[in-house]
Each structure stands twice: as structure tokens, then as C-alpha cells.
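**Q** Need the 3D shape of this:
(chains A, B and C)
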Amino acid sequence: MHSIALIDVNNFFVSCERVFNPSLQHKPVVVLSNNDGCAIARSNEVKALGVGMGAPWFKFKGLAAKHGIVALSSNFALYADMSNRVMSILSTFSPQQEVYSIDECFLDMTGFTRRSLTEQGRQMRQHIKQCTGLPVCVGFAATKTLAKLANHIAKKKPQFDGVCDFNAFTNHQQDEWLGSLAVGEVWGIGRQLAPRLQKIGINTVLDLKRADSATLNANFSVVMEQIIRELNGTMCIELEQIAAPRKQIISSRSFGIAVTDIGSLQESLTLYVSRAAEKLRKQKSYAGAVQVYIRTSPHKEREAYYANSMTVPLQATDDTRQLVKAALWGLERIYKPGYRYQKAGVMLSEIVAVKNAQSDLFGRPDAVATRNSKLMAVMDSVNQYMGKRSLILASQGFSQPWRMKQGSKSPNYTTRWDEVLVVG
DNA sequence: ATCACGGTTTGCA
DNA sequence: CTAACGTGCAAACCGTGAT
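**A** Numbering: from 1, shown residues only, chains lettered A, B, ... in the order given. Reported below is the predicted structural model:
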């Protein structure tokens, strides 16, 4: 039997902010999404006040004032840096690690005895607390799906003190726990599937574990069958240690203020393509198509809604300038004056590894492509060492009135010396 | 009927 | 005073036209 661990940081973004500003400890704190739009991380105090995940923040301004909730803009540079530290510490506990998201990872702990497993979990918690100041919870089980649930139990039930080994339970105890959890808690069962399952009498995780596979196969996809097998302890979803190269790369943002002119759209799209192209080059790929996308706000009922996109094919490339050109060409075709645009974005697709990219008949690399990649490499390293806005295409614009709002962002404590406050 | 395709929906963090 | 609602990925799903 496998032993899979799932470790995740409690209220990750909020916990990061608290590490560097301890006065936030025990206070209600939220971190807001880009543009200060939605609540994307909440301290326990805020969860208790009924603020949901992804709640639009303007609806809670009153509640926030009443209870003294501290609302912070998101600081992703800080969170990414803290994440790297946590992942690096956890990698010392097993050679097999899958970094699943910014705040959680799986470890294959197969081979440890039951008793030492819980002990390992305690050490992970203690180590991470000591080195980073962040609180984590640990769940162990035979499959990734069950490890997720074990982690959930560790987080919700104080008696576990943050570490839950699902296989330390008897079979009877296991089923009791699963019977106490709503089916929607299962990894892969979301707001669409949960109601459909409830309609056919599957309310708890235990119900799903024991569900009749024939009836489910008729009504659901193969993914459902995988989930059920995983709930029964059979590993179907393997640990993916090496991150697969992206098949699509997206960069999109909401604007700080409504945008009506094509000039601002061109500027913002230039920026987004630049970001996407950096990611593309980082994974050593070319893109064969650029999709450009603009939209007015879907929330404003009194305003006319318009959304459109266009996919522009091109000779596979990683050159920001060619990708920008394609995106702006597409924009010309979908832009309609008279609308108040709220968001724009680009998606790179038809992605191929550089080494598999088509060369000429004789297998020689294209001379122009080679010269362009050298230029792009220079641009990337200048931006890496001198700050990411050092070298940009002029079509990005300089005043950028459309840039997103970030009213109260914390300093980049760990990545920018010039933003660290020195007391003394 | 079946396939390849593209756009849309779903789920996740 | 008013208006103020995220981002990035994969995969499933579904309609459509071609065969």
C-alpha cells in the first residue's frame, strides 16, 4: 500500500502577511484578488464572519468596517517566494514530490511505518513553522484523493493537532469519518457534480465510496470512476513529479478603470503578451497561435455587454514582437468603439517544444529565428536582474492609466531590499 | 455513424 | 458621494461539418 502525504499551508496568503506583520495575528484579515476585487484568502476570524471564498469585496465593506477586518491587496511576489521555501523544506522529507499548487504539495512517503509517519508529519509542521513562520496541516492516506480528505480532517478537527494519518484508523473508523463528510469535499466534486450526486441519493463521501459503478458510469465520466476507486484505496492518480510543459499560456487582467479607447487595449495587450511570451521562453517552447480576448463587465446590468475573441495563427515563434503583432492584428478585428471594456487577455496555444519545432528542409535552424531568440534572451535576463519593467516594448505605454488597483499592498519583504523597512 | 475540429463548460487552487 | 465582482490551467463536453 502507498502512503501519500498532502501538505498545505493554512490560509496561505493571510499567513504570509502575518509572518511579516505579526500585529495581524488573531485579527480578522483578508487578502484581495487583483484589482482588490474579491476575497481570495481569509483568516479563520473572517471565515467565521461569513465571508465566502471569492466573495466580491465591495459587498463586505460594511461588515469589514464594523469588525475591523484588515483588507490587503495581494502580493504574489511575496507568496511565490514563501512557497518556494516551504516546498524546498518539504522536499527533504521524500525524494518524490509533486508541487500541486502555490500552497500545497504531495509527497510519496511509502515505506515509512505507521508510527513514524505521524512523527514525520509533526516534524514537517515544526520545521516549516521554525524556518518560515507558516502553519501547515498534513494528511496521509493510500491515495491522493484520500490524502486530501485526511488533510481536511487534520485542518478541521483540533484533536489531530494538524496531522491526520487516515490509515491509522480501523476500517470502521474510516467509514465513519467519510460518512461525516459531504460529498462536495471530495477532490474533483465541485458545485456542478455535488448537486447531481445528491439528486441520486449520494450525500456523503461514504455514499460515493460505496456507489454502484454501473449506474454512475451511465451518468458520469470516467473521472468519477477514478474518484471512486481512489476512495476505495486504489491508486489511480499518480504523483507527477516533473511539471509538464504548458499546452496553453494565458495572461489576462481586469482594468483599474473602464477602458474605451483602442490605444489602452493595445498597451495592455502588449504587456500581457510580453508576460505570456516570457513564460513561453522559460519552458523553451514556441507558440503557433495567439488568441486575443476583450470583454466589458458581465456584472453591470445597465450597460451593453460585449465580449469577443479571435485566434490568430502564426509561424511558431517565441518572439514577443511577432506575438504582439499577431495579437494587435486580432484586436483590430474584434474591437468595437462605444463599449466600456473591463478586461482583456491573451492565450498562447499550439505550443511546441523548441527542439521539436520545424526547421528548414535540411534541418538547419532558421537564421532569423536564431537572431530573434538571442534578443529575447537578453531582454529576459535584463528584466530578471534589473526588475521586470526595465526593458519593455514601447507599445506597452508608459502612463498606463488602465493598470489595476492595488490599494494596500504589503512590501516585498523577501525579494526587494528597497522595500524592506529597516528599523533602527 | 464517426471523426476531427473548435468553442464552451467544469473543476481546481 | 458613488460604484466597486480574479487568474490560469487542463480536460470534459458538445455542436458542427466532413467523410
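**Q** Can you name the residues that contact A:Ala327?
**A** The contact partners of A:Ala327, by Cβ atoms under 8 Å, 6 or more residues apart in numbering, come to A:Leu269, A:Thr270, A:Val273, A:Val290, A:Val292, A:Val312, A:Val346. The way it works is simple: take the backbone N, C-alpha and C, and place the C-beta from them, glycine included.
**Q** Any chance of the residues you listed in JSON lines with secondary structure as columns?
**A** JSON lines is the format used below for these (DSSP: H, G, I helix; E, B strand; the rest coil):
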{"residue": "A:Leu269", "secondary structure": "helix"}
{"residue": "A:Thr270", "secondary structure": "helix"}
{"residue": "A:Val273", "secondary structure": "helix"}
{"residue": "A:Val290", "secondary structure": "strand"}
{"residue": "A:Val292", "secondary structure": "strand"}
{"residue": "A:Val312", "secondary structure": "strand"}
{"residue": "A:Val346", "secondary structure": "strand"}
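**Q** which one of those has the most neighbours?
**A** A:Val346 (31 neighbours; other Cβ atoms under 10 Å).
**Q** need the strands for chain A, in chain order.
**A** A:4-9, A:29-32, A:39-42, A:70-73, A:97-101, A:104-108, A:136-141, A:163-165, A:249-259, A:285-296, A:307-317, A:341-353 (DSSP state E).
**Q** what packs against the fourth one?
**A** Read it as strand A:70-73. Under the contact criterion of 3 or more Cβ pairs under 8 Å, 6 or more residues apart in numbering; DSSP states H and E, strand A:70-73 touches strand A:29-32.
**Q** Paired strands for the strand it packs on, with orientation please.
**A** strand A:39-42 (antiparallel), strand A:70-73 (parallel) (DSSP bridges).
**Q** just to revisit the earlier point, if we take the contacts of A:Ala327, which one ends up nearest to A:Glu230?
**A** A:Val346 (36.0 Å; Cβ to Cβ).
**Q** What is the neighbour count of A:Thr285?
**A** Quick fix: residue A:285 reads Ser, not Thr. 23.
**Q** what do you get for A:Met1?
**A** Number of residues near A:Met1 (other Cβ under 10 Å) recorded here: 10.
**Q** now swap in A:Gly50 and tell me
**A** Residues lying near A:Gly50 (other Cβ under 10 Å) number 9.
**Q** Might you report the residue contacts of it?
**A** A:Leu63.
**Q** before we move on, what about A:Glu17?
**A** Contacts of A:Glu17 by Cβ under 8 Å, 6+ apart are A:Leu24, A:Val29, A:Val31, A:Leu72, A:Asn75, A:Leu78, A:Ser410.
**Q** tally of neighbours for the third one?
**A** For A:Val31, the tally of surrounding residues (other Cβ under 10 Å) stands at 27.
**Q** beta partners for it?
**A** Per DSSP bridges, the residues bridged to A:Val31 are A:Ala41, A:Leu72.
**Q** Let me see the contact set for it.
**A** Residues counted as contacts of A:Val31 (Cβ under 8 Å, 6+ apart) are A:Phe13, A:Val14, A:Glu17, A:Ala39, A:Ile40, A:Ala41, A:Arg42, A:Ala71, A:Leu72, A:Ser73, A:Ser74.
**Q** Do you know the pLDDT at the residue of the stretch 1-150 of chain A found nearest DNA strand B?
**A** Going by Cβ to the nearest atom of the strand, DNA strand B is nearest to A:Ser101 of the stretch 1-150 of chain A, at 2.8 Å. A:Ser101 carries a pLDDT score of 91 in this model.
**Q** Bridged to it, which residues?
**A** A:Ser101 has the following beta-bridge partners by DSSP bridges: A:Glu104.
**Q** what residues are up against the residue in the stretch 1-150 of chain A that DNA strand C sits nearest to?
**A** The nearest approach of the stretch 1-150 of chain A to DNA strand C comes at A:Gly37, 2.7 Å away (Cβ to the nearest atom of the strand). By Cβ under 8 Å, 6+ apart, the contact set of A:Gly37 is A:Pro56, A:Trp57, A:Ser254.
**Q** A:Ile102 versus that one, what's the distance?
**A** 19 Å (Cβ to Cβ, to the nearest Å).
**Q** give the contact list for A:Lys284.
**A** Listed by Cβ under 8 Å, 6+ apart, the contact set of A:Lys284 reads A:Pro245, A:Ala353, A:Val354, A:Lys355.
**Q** Mark which of those residues are buried, thanks.
**A** The neighbour count (16 or more other Cβ atoms under 10 Å) marks A:Val354 as buried among these.
**Q** which of the contacts of A:Lys284 lies closest to A:Tyr306?
**A** A:Pro245 (34.0 Å).
**Q** ok so, going back, and the contacts of A:Glu17 as CSV, adding distance to A:Gln130 and pLDDT?
**A** Below are the contacts of A:Glu17 laid out as CSV (distance: Cβ to Cβ, whole Å; pLDDT from 0 to 100):
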residue, distance to A:Gln130, pLDDT
A:Leu24, 20, 94
A:Val29, 22, 95
A:Val31, 24, 94
A:Leu72, 25, 94
A:Asn75, 23, 90
A:Leu78, 19, 91
A:Ser410, 22, 73
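**Q** Could you dump those residues into CSV and include distance to A:Ser91?
**A** Conversion of the contacts of A:Glu17 to CSV gives the following (distance: Cβ to Cβ, whole Å):
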residue, distance to A:Ser91
A:Leu24, 29
A:Val29, 29
A:Val31, 26
A:Leu72, 29
A:Asn75, 24
A:Leu78, 21
A:Ser410, 27
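**Q** Any chance of these in TSV with distance to DNA strand C as columns?
**A** Formatted as TSV, these follow (distance: Cβ to the nearest atom of the strand, whole Å):
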residue	distance to DNA strand C
A:Leu24	21
A:Val29	17
A:Val31	10
A:Leu72	14
A:Asn75	14
A:Leu78	15
A:Ser410	18
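**Q** out of those residues, which is most surrounded?
**A** A:Val31 (27 neighbours).
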